[in-house]
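*Asks:* Return a 3D structure for these sequence lines:
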Amino acid sequence: MAESISEGVLATFHKQVGDYVEQDEEIASIETDKIDVAINASENGTIAKLLVSEGDTVTVGQA
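*Replies:* Numbering: from 1, shown residues only. Presented below is the predicted three-dimensional model:
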């Protein structure tokens, strides 16, 4: 996210637990008061666990 953005709301997961993803594939969307941000996979692999739920507020760097 942009440097001026510190948090947003997880709007949508585009993938679910067990789905295989490729590096840079969009896996989720975060909404802020200014923009919507696509979250992409950092590497190839299988989604093992979702750490937050749709509608949760998330912060930059949250794991």
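*Asks:* residues in contact with Y20?
*Replies:* Applying C-beta atoms under 8 Å, 6 or more residues apart in numbering to Y20 gives the contacts N44, G45, T46. Yep, even glycine has a C-beta here, placed from its N, CA and C like the rest.
*Asks:* mind redoing it with 7 Å?
*Replies:* By C-beta atoms under 7 Å, 6 or more residues apart in numbering, the residues touching Y20 are T46.
*Asks:* What distance do you get for it to L10?
*Replies:* According to C-beta to C-beta, to the nearest Å, Y20 stands 21 Å off from L10.
*Asks:* Equivalent analysis for N44, please.
*Replies:* From N44 across to L10, the span is 22 Å (C-beta to C-beta).
*Asks:* The two: who's more crowded?
*Replies:* Under the criterion of other C-beta atoms under 10 Å, the comparison of N44 against L10 puts L10 first, with 20 against 11.
*Asks:* Parallel or antiparallel, which strands does the helix or strand harbouring the more buried one pair with?
*Replies:* Following DSSP states H and E, one finds L10 within strand 7-13. In the sheet, strand 7-13 lines up against strand 26-31 (antiparallel), strand 57-59 (antiparallel) (DSSP bridges).
*Asks:* what comes up buried for the last one?
*Replies:* Residues of strand 57-59 classed as buried by neighbour count (16 or more other C-beta atoms under 10 Å): V58.
*Asks:* Kindly report the same for the first one.
*Replies:* With burial defined by 16+ other C-beta under 10 Å, the residues of strand 26-31 counted as buried are I27, A28, S29, I30.
*Asks:* what are the ranges of the strands in the protein?
*Replies:* For the chain, applying DSSP state E gives strands covering 7-13, 20-21, 26-31, 36-40, 45-46, 57-59.
*Asks:* V21 against A41, yeah?
*Replies:* Yes: counting by C-beta atoms under 7 Å, A41 is a contact partner of V21 at 4.3 Å.
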